[in-house]
Structure formats: structure tokens, C-alpha cells
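[1] Need coordinates for the following:
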Amino acid sequence: MKKVIRKLLAVSLTAFAIVSLTGCGMRPASVPAENKVQISKFENTSSGIQAICKTLKDKEYVGDDCVEMYATAIGAEKGYRFDNLKVNGSVFAMEIYEFKDTENTLAKTVINSVKKDGSFDMYGRTVQYCHMSDNGKYLLIYPDTKSLSNKGDDVENATKLKEVLEIINKAKT
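    Purely as a prediction, here's the structure:
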């Protein structure tokens, strides 16, 4: 009898956990309409982060839709996230940030951490897969783990990361 009660309890707790997760954490987060942006509507695209985004779109690395991020949380002036990027079986979201004032304390902390460790801490969590532009003005978060592997099958991923970094490094500030 005890075994039956334990099994029923285990099944009940499992079902409760599944229902709870489905109700709160299994759906994609909704983005406020004012944070959704279309790259095709960028007006001044001769320099800066918007020019980078436009170039990425023109080369078909990203689509037209992105999300404007709360960039000041890391000391940046602007930031954009591109969701559902697909490269050789990897699906991920890429973020790009522009730092205008690299001397403010928060920006300096993030930039130095990325240069040193390829990551930074934010709200008690470590943000990994980070790359700084050569001029220290742009931060790329590119969490495609295949792009950093040395496996022969992942050459396309590594090449795409290299090409994105080249676009960022060529950007005018």
C-alpha cells in the first residue's frame, strides 16, 4: 500500500510541475510593441549601430525585425537583439550594443570584462559568448557554441561569426 501511495504522489507532483512550467515558463517572453523595430525604417544609417544592423540585413545575416534592448543597463547607448538566427543547425539570438561614452563606470566595467574574459556579469548572471569590436565601441553577444568549436562540421558557424565581427569592426562610429 505504501508503494502505491508513493507512486501516486510522485505522479501527482510530476503532473503539477509540468502544468506549472507550461503555465509560466514554456512560452516565449512577450516584447512590448514599442521595443520591436524594423531595420528597414532606420533613417540615419551611414554610421553607428544602425548601419551595422542594416549591413547585416543587406547580407541576409538577420531579418528586418529586431528588438531594441535596454542598453543603459550595461552602460551602452543603444542595443538590438535579433531572434531565431539559424546557422548550420544552431538557433540563437544575437545582440549588438553601441557604447558612446566608454569612460562611464558601468560601460568601462562591461568592456574590460569582455576584453579580459569574453563575458560580463549582469544582475547576478554571467553573460557569455561576448566579443568587443577592435575600437571598443561595439559589443556583440553571439551565443552560437558551434562557432567556437574546432570541429570540421562547424566551419560554417565559425565563418559566420568571423564575418559578423568583420562588419562590426569596419563600422564607422
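[2] show me what contacts residue 81?
    Residues in contact with residue 81, defined by Cβ atoms under 8 Å, 6 or more residues apart in numbering, are 66, 67, 69, 93, 94, 95. C-betas here are computed from N, CA, C, even on glycine.
[3] Output those residues as CSV; include the columns neighbour count and pLDDT.
    Formatted as CSV, the entries for those read as follows, by neighbours: other Cβ atoms under 10 Å; pLDDT from 0 to 100:
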residue, neighbour count, pLDDT
66, 24, 96
67, 16, 96
69, 18, 96
93, 15, 96
94, 22, 97
95, 22, 97
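[4] Closest one to residue 128 out of those, please.
    Among the contacts of residue 81, residue 95 lies closest to residue 128 (Cβ to Cβ), at 12.1 Å.
[5] Leaving out sequence neighbours, find the closest residue to the closest one.
    In space, not counting the residues next to it along the chain, residue 95 is nearest to residue 141; the distance is 4.1 Å by Cβ to Cβ, 6 or more residues apart in numbering.
[6] Could you measure from the one you found over to residue 105?
    From residue 141 across to residue 105, the span is 21 Å (Cβ to Cβ, to the nearest Å).
[7] Settle it for me: which of those two has more neighbours?
    The residue with more neighbours, out of residue 141 and residue 105 and counting by other Cβ atoms under 10 Å, is residue 141; that gives 22 against 8.
[8] on that earlier part again, could you export the contacts of residue 81 as TSV, including distance to residue 153 and secondary structure?
    TSV is the format used below for the contacts of residue 81 (distance: Cβ to Cβ, whole Å; DSSP: H, G, I helix; E, B strand; the rest coil):
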residue	distance to residue 153	secondary structure
66	29	strand
67	30	strand
69	32	coil
93	22	strand
94	21	strand
95	25	strand
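[9] Can you show me the helices along this protein?
    2-24, 48-58, 105-117, 155-170 (DSSP state H).
[10] Can you name the residues in contact with the third one?
    Contact with helix 105-117 is made by 74-76, 99, 101-102, 119-121, 130-132, 136, 139, as judged by Cβ under 8 Å, 6+ apart.
[11] from the residues you listed, which has minimum pLDDT?
    Within the contacts of helix 105-117, pLDDT reaches its minimum at residue 102, with 85.
[12] need the contact list for that one.
    Residue 102 makes contact with 108, 111, 136, 137, according to Cβ under 8 Å, 6+ apart.
[13] and if you look at residue 131?
    Residue 131 makes contacts with 114, 118, 139, 140, 141, 142, 161, 165, as judged by Cβ under 8 Å, 6+ apart.
[14] So the protein: which segments form each domain?
    Domains of the chain are assigned by automatic domain parsing as 1-30, 32-170.
[15] and those, which one is worst for confidence?
    It's domain 1-30: among the domains of the chain, that one has the lowest mean pLDDT, namely a mean of 40.
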